[in-house]
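S.K.: next input, structure requested:
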Amino acid sequence: MKFILFLSAFISFSMCEHPKDSSSADFTESVTLDSSQLNQAFDQFKEPALYHRRFKHGTIDSLLQVHAQRQLLTITQIGQSVQGRSINEVTYGHGDKKVMLWSQMHGDEPTATMALFDLFNFLEGEKDDFQEVRDLLKEKLSLHFIPMLNPDGAEIYNRRNAQQIDLNRDARKRQTVEGKLLRARAEAVRPAYGFNLHDQNIYYNVPGTKNPVTISLLAPAFNEAREVNEVRKGAMQIIVGMNNLLQQYIPDAVAKYDDTFSPRGFGDNFQILGASTVLIESGGLKGDPEKQEIRHLNFAIILNALTQIAQGSYQRFDVKAYEDIPFNASQLHDVVIRNVEIGSDSISLRTDVAIRRGEYTVGSDYFVRGRVEDLGDLEDNFGYEEIDEEGLRLHVAQTAPQVLEQAGELSLDHAYELLQKGFMAIKVKQVGADKASKLHSLPFVLFTQNQFYPTTQITLGGTANFFLADASGSIKYAIVNGYVIDLSKKEPGIWKNTIL
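M.R.: Predicted coordinates for the structure are as follows:
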């Protein structure tokens, strides 16, 4: 009986109109966007209210109210989350080709949500160089956006919803209110195209390189055999167009996400239901912790893809170019230190050390804790930062003798002076009661406890607060909470630390 019901739903959905576009043989593309135009559009329409990853539902709701007042986009509340937060759909255009785009079904994956609001601003623009693009999208497409499908997870920057269910593993059973809502909208809209917008962890790399995967793409499978039908082929062709554009921005930093069939995943199920569905995963880019550059890339590839869908021009791309995109590898760490002496006086050990910095959310901000992630032969692994010098050895950090009344008394210059003398920690007397008051952005350990315990031995899972010295005992690097500070030069950095 369950199979019959599923088959009935499949047939009714699959019979929706999936417009056939011009073949590549007689195709003429009238509207194009090059990278310089896309950059101009992003700079002009970037939503300034979204500038960090940990924005909340309240910010999104306020922005949607502003868009509703402009009356150029249609804003409709389509449901509520488990905790009663509104879930909204934004629509634009009256064309035959229906497209659904949904973001942040994982609450801690917000990059594409920012890009969607940039796109909303773009669609509302008037009488400028991009009007031809807007007219094309409005005439040819019916766009249905669901930004922030999981507002409860976003509120605490958590992957799962308030019931602790992963929404992207709920497409089959649809046990959650958010999962039911997404499926209901899919059945009501019956899209021919889908965009499933996510963030992946920043530790994927392009195979055989130290390049982080900045954008990962996938045309999800619709069966375990991972066959290619016309629907999946369309998604693959759209991705080829995306990759062609991305290579102009981030050459050799694009990969494919794992294409193992997942009967619980929404992307796979949209593909089954007849919508050519593209998964976009926002990964890592050195120097972009808040993913503002990756947001830019999302805006560019989504807008360009919608333009190509509107004209059918994506069909000119060869599926083989999709197959040529490599799959994600997982060999990347925050820091890799090579050939460092960490043994004891009696038994030497010269080996490689990998460090990872885990994030901990505090309201709309966060701090990190650096930990030793791996030890041993890491020749085939890479780091966002790497240290590879002969003769380096562990040097235990010391606590500065002075005591600060408050954290603000320590300047960046003073912190560097103390580090160069072998001090890594300093005691602070007064700290506010709230967690946010303990956050600081100095490359130094601040503590209120009776004593600071530095890393005296590098152990798996252990702390990452130590110096690296050369054979003469001269200190060359400080590893402060997993951050690398080269003591031969004072450079600006982004340090997300907390008072212990």
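S.K.: residue ranges for the helices of the stretch 51-200 of the chain, please.
M.R.: 57-70, 111-123, 131-140, 151-155, 177-189 (DSSP state H, counting those that start in this stretch).
S.K.: no wait, the stretch 301-450 of the chain
M.R.: 319-323, 412-420.
S.K.: same for the longest one, what does it pack against?
M.R.: The reference is to helix 412-420. Applying 3 or more Cβ pairs under 8 Å, 6 or more residues apart in numbering; DSSP states H and E, we find helix 412-420 packed against strand 475-480. The C-beta positions use only the backbone N, C-alpha and C, and glycine is treated the same way.
S.K.: again, only using 7 Å
M.R.: In terms of contacts (3 or more Cβ pairs under 7 Å, 6 or more residues apart in numbering; DSSP states H and E), helix 412-420 is not packed against any helix or strand.
S.K.: that one - what's its average pLDDT?
M.R.: Average pLDDT, helix 412-420: 97.
S.K.: next, the buried residues of that helix.
M.R.: Residues of helix 412-420 classed as buried: 414, 415, 416, 418, 419 (neighbour count, 16 or more other Cβ atoms under 10 Å).
S.K.: now what about it, what contacts it?
M.R.: Helix 412-420 is contacted by residues 400, 442, 443, 444, 475, 478, 485, 487, 490 when judged by Cβ atoms under 7 Å, 6 or more residues apart in numbering.
S.K.: show me which of these is closest to residue 451.
M.R.: Of all the contacts of helix 412-420, residue 451 sits closest to residue 400, with 12.7 Å by Cβ to Cβ.
S.K.: let me see the contact set for the closest one.
M.R.: 418, 423, 425, 426.
S.K.: state the distance from it to residue 297.
M.R.: Remark: distance between residue 400 and residue 297 (Cβ to Cβ, to the nearest Å) = 43 Å.
S.K.: likewise residue 367?
M.R.: 27 Å.
S.K.: so between the two, which is more surrounded?
M.R.: residue 297 (26 against 22; other Cβ atoms under 10 Å).
S.K.: OK, contacts around that one?
M.R.: Residue 297 touches 214, 215, 246, 249, 250, counting by Cβ under 7 Å, 6+ apart.
S.K.: outline the domain layout of the protein.
M.R.: Taking automatic domain parsing as the reference, the chain has its domains at 13-323, 332-498.
S.K.: show me what residue 102 is bridged to.
M.R.: Under DSSP bridges, the beta-bridge partners of residue 102 are residue 146, residue 196.
S.K.: that one: how many residues sit nearby?
M.R.: Residue 102, neighbours per other Cβ under 10 Å, totals 29.
S.K.: okay, it: pLDDT?
M.R.: Looking at residue 102, its pLDDT reads 98.
S.K.: ok, now the one 10 residues further on?
M.R.: For residue 112, the pLDDT comes out at 98.
S.K.: could you find the closest non-adjacent residue to it?
M.R.: In space, and not counting its chain neighbours, residue 112 is closest to residue 197: 3.4 Å by Cβ to Cβ, 6 or more residues apart in numbering.
S.K.: contact partners for the one you found?
M.R.: Contacts were defined as Cβ under 7 Å, 6+ apart; by that measure residue 197 touches 101, 102, 103, 112, 280.
S.K.: now do 6 Å
M.R.: Residue 197 makes contacts with 103, 112, 280, as judged by Cβ atoms under 6 Å, 6 or more residues apart in numbering.
S.K.: make TSV out of those residues and add neighbour count and distance to residue 305.
M.R.: Shown next, in TSV, are the contacts of residue 197 (neighbours: other Cβ atoms under 10 Å; distance: Cβ to Cβ, whole Å):
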residue	neighbour count	distance to residue 305
103	27	15
112	28	13
280	27	9
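S.K.: can you name the element that comes right after the worst-scoring helix or strand of the chain on mean pLDDT?
M.R.: Sorting the helices and strands of the chain by mean pLDDT, DSSP states H and E puts helix 2-14 at the bottom, at a mean of 42. Following helix 2-14 in sequence order, the next helix or strand is helix 35-45 (DSSP states H and E).
S.K.: so which bits of that next one are buried?
M.R.: Those would be 37, 38, 41, 42, 45, for helix 35-45 by 16+ other Cβ under 10 Å.
S.K.: quick check: the gap between residue 261 and residue 252.
M.R.: 28 Å.
S.K.: bridged to residue 359, which residues?
M.R.: residue 368.
S.K.: what is the neighbour count of it?
M.R.: Neighbours around residue 359, by other Cβ under 10 Å: 14.
S.K.: I'd say it and residue 365 touch.
M.R.: No - here residue 359 does not reach residue 365: they are 10.3 Å apart, not a contact under Cβ atoms under 6 Å.
S.K.: quick one: secondary structure of residue 459?
M.R.: coil (DSSP: H, G, I helix; E, B strand; the rest coil).
S.K.: tell me the confidence at it?
M.R.: Residue 459 is given a pLDDT of 96.
S.K.: excluding chain neighbours, what is closest to it?
M.R.: Nearest one to residue 459, counting by Cβ to Cβ, 6+ apart, is residue 372 at 6.4 Å.
S.K.: what about the one you found, how many neighbours?
M.R.: 23.
S.K.: quick one, what contacts it?
M.R.: 458, 460, 462, 464.
S.K.: of all the residues you listed, which two lie farthest apart?
M.R.: 460 and 464 (11.7 Å).
S.K.: more neighbours, the two?
M.R.: residue 464 (24 against 12).
S.K.: how about the nearest residue to the more buried one, chain neighbours excluded?
M.R.: residue 370 (3.7 Å).
S.K.: now swap in residue 406 and tell me
M.R.: In space, residue 406 is closest to residue 430, 4.8 Å off (Cβ to Cβ, 6+ apart).
S.K.: and the one you found, what's its pLDDT?
M.R.: Residue 430 is given a pLDDT of 89.
S.K.: same check on residue 449?
M.R.: pLDDT for residue 449: 88.
S.K.: great, nothing more from me.
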